[in-house]
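**Q** I need the structure of the sequence given here:
(2 chains)
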2 protein chains.
Amino acid sequence: MKNINVILFDGFTFLDVFGPVEVFVHLDKHFKINFFSQNGGSILTNPRTGIQTKSFGEIEQNDILLVPGGFGTRELVNDEDFIRKLKELANRGEYVLTVCTGSALLAKTGLLNNRNATSNKLAFDWVTKQGPEVNWIRKARWVVDGKYYTSSGVSAGIDMSLGFVSDTISKDASIQVSKFLEYIWNEDKDNDLFGK
Amino acid sequence: MKNINVILFDGFTFLDVFGPVEVFVHLDKHFKINFFSQNGGSILTNPRTGIQTKSFGEIEQNDILLVPGGFGTRELVNDEDFIRKLKELANRGEYVLTVCTGSALLAKTGLLNNRNATSNKLAFDWVTKQGPEVNWIRKARWVVDGKYYTSSGVSAGIDMSLGFVSDTISKDASIQVSKFLEYIWNEDKDNDLFGK
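**A** Residues are numbered from 1 along each chain as shown, chains lettered A, B, ... in the order given. Model prediction:
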């Protein structure tokens, strides 16, 4: 059983989180999902939901990190305490998955330097500035480089999560979850209709 | 500005809610999203999130209802108080949108009788028993009958929501949101790869 620790922050994008969560929650023999934020407590969302988190300091077992994107990343890349703690968690983690502009946060830690990664296409120019030494790939639904999985914008996180399940459990598991969600899985990570 | 009142209950499916919410939140000149439940308060989810709701009695402006599915519907169809209140809200609403087994709840109110509707394909036999007088359509990504929009399982809710935006605002708005979400919109509601 692996812990998936979802990193939340004010202004994260709902679907970046709850797309992947909906994939992993159906594989509850393999994954346990937990929500964390820098200081714990309630997260500011639009619309307001009251979503609660524990603090980074309360993470007991750090197997898989899931880092979403969202407008909140624009400020967070400049939060040295957050970036330092994210680097520590990502370094220790077995796998790190980012969705959308979540890769900007990870890039800012330096851990993606000289690695392949992708991100949201509409925010691509901003994201790449957060990690000038990253080998950014514009045309990819998601990118795998070692333990780092980075996906393109929002709904690409669902495809990446199914890809991660396929890589680490079985392709059959991904197909079963796709059917359950009535989701047409884009299983080719290089097939990206939104990248140029 | 229309209110979208999302009806939550213990054991709803995350993606049924946060797929559509992610569509509507990007059209915040048109829609305001609120979360309600039968008695208000915290909703039981897996994983736990702490999501908070107001009670049905606190609904001030009832324009559009969004009713998700989930395992919780299995008990809720037998909750006479819930079904009676849902019927009242749905009757008053301008539009009612259901995702997945949310259509079982709406069917139970009787408001779908002699109307076309669809639902989750894996739970189809159970759903149809909740509304024997509904004209259930097995092969449809989503179905529109008057003010009632019913979608197939989980991710079909995103396609339906984009369809609803196309019908009530503009197709261009749907295309813009799809691009923002890097989502390949299945815009043909009759194109259903999961129905038999």
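
**Q** partner residues bridging the closest residue to A:Tyr148 other than its chain neighbours?
**A** Spatially, and ignoring its direct neighbours in sequence, A:Tyr148 is nearest to A:Val96 (5.3 Å; CB to CB, 6 or more residues apart in numbering or on different chains). Placement of C-beta: from N, CA and C, glycine included. For A:Val96, the beta-bridge partners under DSSP bridges are A:Leu65, A:Tyr148.

**Q** now A:Val96: how far from chain B?
**A** Using CB to the nearest CB, to the nearest Å, one gets 19 Å for the distance from A:Val96 to chain B.

**Q** surely A:Val67 is in contact with A:Tyr95?
**A** No: contact criterion CB atoms under 8 Å: A:Val67 and A:Tyr95 do not qualify, at 11.3 Å.

**Q** compare these two (neighbour count), which wins?
**A** Neighbours were counted for A:Val67 and for A:Tyr95 using other CB atoms under 10 Å in any protein chain shown; A:Val67 has more, 28 against 19.

**Q** tell me the contacts of the residue lying closest to that one once chain neighbours are set aside?
**A** Once flanking residues are discounted, A:Val67 sits nearest to A:Gly102: 3.9 Å by CB to CB, 6+ apart. By CB atoms under 8 Å, 6 or more residues apart in numbering or on different chains, the contact set of A:Gly102 is A:Asp16, A:Val67, A:Pro68, A:Gly69, A:Thr73, A:Thr150.

**Q** biggest separation within those, which pair?
**A** Spanning the widest gap among the contacts of A:Gly102 are A:Thr73 and A:Thr150, at 13.3 Å by CB to CB.

**Q** those two: who's more crowded?
**A** Shown here are A:Thr73 and A:Thr150; by other CB under 10 Å, A:Thr150 has more neighbours (32 against 26).

**Q** what's the helix or strand for the more buried one?
**A** A:Thr150 is part of strand A:148-151 when elements are defined by DSSP states H and E.

**Q** what sits up against that strand?
**A** A:95-100, A:102-103, A:106, A:111-112, A:115, A:117-119, A:141-143, A:157, A:159-160, A:163-164.

**Q** again, only using 6 Å
**A** Residues from elsewhere that reach strand A:148-151 (CB atoms under 6 Å, 6 or more residues apart in numbering or on different chains): A:Val96, A:Leu97, A:Thr98, A:Val99, A:Ser103, A:Ala117, A:Thr118, A:Trp142, A:Val143, A:Gly157, A:Met160, A:Phe164.

**Q** now, among the residues you listed, which is nearest to chain B?
**A** Nearest to chain B, judged by CB to the nearest CB, of these is A:Gly157 at 9.4 Å.

**Q** just give the number of residues close to the closest residue to that closest one other than its chain neighbours.
**A** Once flanking residues are discounted, A:Gly157 sits nearest to A:Val99: 3.4 Å by CB to CB, 6+ apart. Residues within reach of A:Val99, counting by other CB under 10 Å, total 33.
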